[in-house]
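[1] please find the sequence and the predicted model below.
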Amino acid sequence: RNDVLMMTPWFAPIVWEGTYNLEILNEQFKQRNVTVGLIIFAIKKYVVFLKNLLETAETYFMVGYKVNYYIFTDRPQEVPKVELKEGRKVVVLQMQNYSRWQEIVLRRMEMIHNFSQKQFINEVDYLVSVDIDMRFNDQVGVEILSDLFGTLHPGFYGAERQSFTYERRPASQAYVPHDEGDFYYAAAFFGGTVKEVYKLTKKCHEAIMVDKDNRIEAIWQEESHLNKYFIYHKPTKILSPEYVWDDNMGRPQILRKRRFLAVRKNHAAIRNK
Ligand SMILES: CC(=O)N[C@H]1[C@@H](OP(=O)(O)OP(=O)(O)OC[C@H]2O[C@@H](n3ccc(=O)[nH]c3=O)[C@H](O)[C@@H]2O)O[C@H](CO)[C@H](O)[C@@H]1O
Ligand SMILES: [Mn+2]
């Protein structure tokens, strides 16, 4: 394709529909018999999003592969029973709730870090962390897999560096100077091998704890820390906004697939509930 950027300056592919051959990739990944962990946080009221996310994942996510759905929740009894295909299972992981939604989203890094070391490393090859207020709407397969991958945020994929909403206060560990940064990534979809996700979440969690001691919270919480990390640890693959789209952004021509879509939500009704 010549209408989109297909490769970064550090030679990482940017995955758009029409840039890869899934048959070839499936041959490779089937031989390796990979298992993928999909990490989902369902704290407090957000459990209402779980059913639709799991059902659409069964239709579109890693079809034909083994998948563990790792669901972090404070309401295990509210995890819906969804019929799963062979080789796929739900693993419910208890997590405490926090009163502020900002604390919940920040603590995702800590939880993924802890469980990567004690559990995920023994059970899966790759981890994918996603927001729950989303649904799969088209195929998401092994074309996303790589050591470390991030997704271009739907609001900034064509934007200039100056407009990226990185943390700009030097007092925060997530600080990014104006002359640095490649892309603005969405925290709603990232992943990699368990080892790389472990390293990423460790670093981000540590930075978040330093910020906490200094009584500062990054402008876009863990997304700010993720963006900082990706500047100094470049992703080995980047996913186009096909993988985190929001129909509020319209339907541009270059978007041949809308694979993972934001579900409309009423912030006031759902956050801190
Ligand atoms: C598209 C995108 O980049 N989304 C980011 C943006 O999303 P959003 O504004 O969509 O944030 P959000 O409300 O979806 O929160 C992120 C996620 O945290 C979990 N959650 C949150 C609150 C709660 O009470 N219970 C709960 O389970 C849930 O999995 C949710 O999807 O900003 C957030 C933090 O500022 C995160 O960085 C999101 O990844
Ligand atoms: Mn979200």
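    Here it is on my side, so go on. Ligands and ions are numbered 1, 2, ... in the order given.
[2] helix or strand for Tyr69, just tell me which one.
    Counting by DSSP states H and E, the element that carries Tyr69 is strand 66-73.
[3] show me which residues of the next helix or strand along the chain from that strand are buried.
    Using DSSP H and E, the next helix or strand after strand 66-73 towards the C-terminus is strand 88-94. Using 16 or more other Cβ atoms under 10 Å as the test for burial, strand 88-94 gives 88, 90, 93. From N, CA and C alone the C-beta is placed, and that goes for glycine too.
[4] now stretch 142-158
    Here stretch 142-158 shows 142-146, 148-157 as buried, counting by 16+ other Cβ under 10 Å.
[5] ligand 2 contacts on the protein?
    Applying Cβ under 5 Å from the ion, we find that the chain lies next to ligand 2 at 131, 133.
[6] quick check: residues of the chain near ligand 1?
    With the criterion set to Cβ under 6 Å from any ligand atom, the chain comes near ligand 1 through 41-44, 46, 101, 104-105, 131-133, 153, 186-188, 220-223, 244, 271.
[7] how many neighbours does the nearest residue to Thr73 once chain neighbours are set aside have?
    Nearest residue to Thr73, sequence neighbours excluded (Cβ to Cβ, 6 or more residues apart in numbering): Ala42, at 4.3 Å. By the criterion of other Cβ atoms under 10 Å, Ala42 has 23 neighbours.
[8] ditto for Gln119
    For Gln119, using other Cβ under 10 Å, the count is 16.
[9] for it, helix, strand, or coil?
    Classification of Gln119 using DSSP: H, G, I helix; E, B strand; the rest coil returns helix.
[10] next one: the nearest residue to Pro80 once chain neighbours are set aside from ligand 1, what distance?
    Nearest-residue entry for Pro80: Lys51, 4.4 Å, with adjacent residues in sequence omitted and distances by Cβ to Cβ, 6+ apart. Applying Cβ to the nearest ligand atom, to the nearest Å, the value for Lys51 to ligand 1 is 14 Å.
[11] now do Arg168
    16 Å.
[12] tell me the pLDDT of that residue.
    In this model, Arg168 is scored at 98, pLDDT.
[13] Glu160 now?
    Listed pLDDT for Glu160 reads 96.
[14] with Arg271 instead?
    77.
[15] roughly how far apart are it and Val105?
    From Arg271 across to Val105, the span is 10 Å (Cβ to Cβ, to the nearest Å).
[16] relative to Asn68, which of the buried residues of stretch 142-158 is nearest.
    Leu145 (14.8 Å; Cβ to Cβ).
[17] in the protein, which spans are strands?
    In the chain, the strands defined using DSSP state E lie at 14-15, 35-42, 66-73, 88-94, 126-130, 134-136, 148-152, 185-193, 237-239, 260-262.
[18] list the contacts of the residue nearest to Phe72 when sequence neighbours are not counted.
    Nearest residue to Phe72, sequence neighbours excluded (Cβ to Cβ, 6+ apart): Met95, at 4.3 Å. By Cβ atoms under 8 Å, 6 or more residues apart in numbering, Met95 lies in contact with 41, 43, 72-74, 107, 111.
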